[in-house]
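Undergrad: sequence unknown, structure follows:
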C-alpha cells in the first residue's frame, strides 16, 4: 500500500480518536480501506478505489484535504445516490473516495426569509420534515427522499419547482490545501440573512457546480413560500398530437396558467401522453386559474382528457405532494420501480437503470423529433427508453430519458446510451448533466485547465469529473498507482431526478 496505505491508516486512527472524543457516532468519522461498497445500478464499468474516508466534521474534511500526500487523489461524494449516472462511483480508477454523507447538520433555518444552511449529508426528506408546518417548503425532486439536497443542486438537478441550482444562495468550499472559503450570501453573527443568489462582483459560485475545483461542505438553500392553494390538472393526448400539444402547453405556461415544472410522461404500453400542470397560489386564485386552464385546454381540442386532481392516478398524487414540498410518496415508487428501497437500489441483482439528460428548446417539433430519436435508438439496440419532458422554463426542456433493463442486457443498454449521445449531438442537443462514462467539459479546455491549476494546482480533487482529457491529468487503471492498491467500486454521489413509472 506504500504512502497511500500509511496515510489512510493514519486517518483511520485519527478519525477513530475523533469519534471517541466526540462521544458519539453522530459527531465523529470513520475510514474504510479497500471496502467493497457494492455494484451500481447503471452497470457502469467498476472503478477501483484505494479507500473510502468518511469524515464526520468539516474540520476533519479540512485536515484530510490538507494532508493528501503526492500521488493520492480524492473523489468527494454526497449521499452517493447518483442513480443511472454512476451512483457512488468515481470517474477514474485509483481515487480515495471522500464520502461526505456523515455531514448531516442543518446549521441554520430561517423561515422568516426562507433559507437553510445545510451540509452534503442532509437529505431532501430530512429538510422537508424540518419545514413541515412552516410558511416555507423545499423545492423537492421526484427522486428518493434519501437523496442529497446539496449534491443534487451542484449537479444542477431539476426539482418540481425550478432547477435546483437556482436554489443556491451561498457555498462553503474547501480548496485543495485546506483553505475554507464562503461564497455568496451567508448568515451574519446575529443570524441575519438575505437569500440573494447573486454575488457582488464576479460570480464564483457557478465554478463549483459540476466541477472538480473544490469540495463543497455546505450550501445556503433558498426555500419557497408554501402556496395556500394547489391544484394539479392532467391533460391527456395521443402521440400524433405530440408536437401541437407541446406548443399549446408552452403557450399556456407563457400565460402563467401553469406554475413550477410542467411534466409530460408517455404512458407505458399505450400511445397516450399525459401532461401534469400545477396551478397554485392563493386558494381562490388557484381554483379560478385551474378552471381557466381546463377551459382553454378544452377549446383547443388537442386533449382527449382534461381532469383536475384525478383521484385514480397515483402519479398525480405523488406529484401533487412533491409540488407541496413533501417527497415521502417517492419511496413506494422507488420500491415499485427497482424492487428495493433506496438503500438497495444499487445492489439489486436483477434490474439496471440508466439516464440520458439532454436539454431542448421548448418547441413541439423539437420534442417530437427527440421522441423519434429515442424510439429509433431503442429499436436499434433492443432496449426500451422512456422520455419524460420537464419544462423548466417557457424556453427550455430537460428531457429525462431513462431505461430500465435486466442486468443481462447491460451491454445493449450501454450501447444505446452511446447512440443517444451521438444522435442528440448530431441534432444539436447536448446533455446538461453527464454520466461517469461520458464526462467531458463544454468550455474551452485551456481556460478550464488554468482554473484547475488556480484552485487545485496538484490536481488532487476528482480527476476526470466534468473535464475533457486535455484539461488535466487522468488516472490510468488501478495498476498505474500500485502504492494505493486495487479497491472496489465506490462512487460519485450527487442525486438525480427520478421519474418512476406510475
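TA: It's in. From a predicted model like this one, the values you see are computed outputs, not experimental measurements.

Undergrad: Look at residue 70 and say how many residues are nearby.
TA: 8 (other CB atoms under 10 Å). Quick note: C-beta positions are derived from backbone N, CA and C, even for glycine.

Undergrad: quick one, what contacts residue 434?
TA: By CB atoms under 8 Å, 6 or more residues apart in numbering, the residues touching residue 434 are 85, 440, 466.

Undergrad: Touching, the last one and residue 210? I think so.
TA: Put plainly, it is residue 466. Yes: look at residue 466 against residue 210 with CB atoms under 8 Å: they come within range, at 4.8 Å.

Undergrad: Any quick ChimeraX command for the buried ones out of the contacts of residue 434?
TA: Burial among the contacts of residue 434 is assessed by 16 or more other CB atoms under 10 Å; the matching ChimeraX selection reads:
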select :85,466
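
Undergrad: how about the contacts of residue 434 in TSV, adding distance to residue 179 and secondary structure?
TA: Listed next are the contacts of residue 434 as TSV, based on distance: CB to CB, whole Å; DSSP: H, G, I helix; E, B strand; the rest coil:
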residue	distance to residue 179	secondary structure
85	30	coil
440	28	coil
466	22	coil
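
Undergrad: and of the contacts of residue 434, the nearest to residue 341?
TA: residue 85 (19.6 Å; CB to CB).

Undergrad: Let me know the helix or strand that residue 421 is in.
TA: helix 410-426 (DSSP states H and E).

Undergrad: Between the contacts of residue 434, which sits nearest residue 352?
TA: residue 85 (12.6 Å).

Undergrad: And the residue lying closest to the closest one once chain neighbours are set aside, how far from residue 175?
TA: Spatial nearest neighbour of residue 85, excluding adjacent residues (CB to CB, 6 or more residues apart in numbering): residue 435 at 4.2 Å. Distance, residue 435 to residue 175, by CB to CB, to the nearest Å: 27 Å.

Undergrad: ok, the two, which is more surrounded?
TA: residue 435 (25 against 20).

Undergrad: looking at this, that one is in a strand?
TA: No: under the criterion used here (DSSP: H, G, I helix; E, B strand; the rest coil), residue 435 is coil, not part of a strand.

Undergrad: I figured it hits residue 44, correct?
TA: Yes: counting by CB under 8 Å, residue 44 is a contact partner of residue 435 at 7.1 Å.

Undergrad: Give the rounded mean pLDDT of whichever strand or helix holds residue 117.
TA: Assigned by DSSP H and E, residue 117 belongs to strand 115-118. For strand 115-118, mean pLDDT rounds to 98.

Undergrad: From the contact counts, what lies against that strand?
TA: On a contact count with 3 or more CB pairs under 8 Å, 6 or more residues apart in numbering; DSSP states H and E, strand 115-118 meets strand 106-110, helix 124-131, strand 215-222.

Undergrad: Run through who's touching it.
TA: Under CB under 8 Å, 6+ apart, the answer for strand 115-118 is 105-110, 127, 130-131, 138, 149-150, 169-170, 186-187, 193, 195, 218-223.

Undergrad: let's see 7 Å
TA: The set of residues external to strand 115-118 that reach it, using CB atoms under 7 Å, 6 or more residues apart in numbering, is 106-109, 127, 149-150, 169, 187, 193, 195, 218-223.

Undergrad: ChimeraX command to pick out the buried ones of those residues?
TA: Remark: buried members of these, expressed as a ChimeraX selection using 16+ other CB under 10 Å:
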select :106,109,127,149,150,169,187,193,195,218,219,220,221,222,223
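
Undergrad: what's the spacing between stretch 107-126 and its chain's center?
TA: 17 Å (CA atoms, centre = their mean, to the nearest Å).

Undergrad: Please apply the same query to stretch 262-278.
TA: Relative to the mean C-alpha coordinate of its chain, stretch 262-278 is positioned 22 Å out (CA atoms, centre = their mean).

Undergrad: now stretch 419-426
TA: Its chain's average C-alpha position is 22 Å from that of stretch 419-426, according to CA atoms, centre = their mean.

Undergrad: Name the residues of it that are buried.
TA: For stretch 419-426, a neighbour-count test (16+ other CB under 10 Å) marks 419, 420, 421, 423, 424 as buried.

Undergrad: Serialize the residues you listed to JSON lines and add fields for distance to residue 264 and pLDDT.
TA: Listed next are these as JSON lines, based on distance: CB to CB, whole Å; pLDDT from 0 to 100:
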{"residue": "419", "distance to residue 264": "23", "pLDDT": "98"}
{"residue": "420", "distance to residue 264": "19", "pLDDT": "98"}
{"residue": "421", "distance to residue 264": "23", "pLDDT": "97"}
{"residue": "423", "distance to residue 264": "20", "pLDDT": "98"}
{"residue": "424", "distance to residue 264": "18", "pLDDT": "98"}
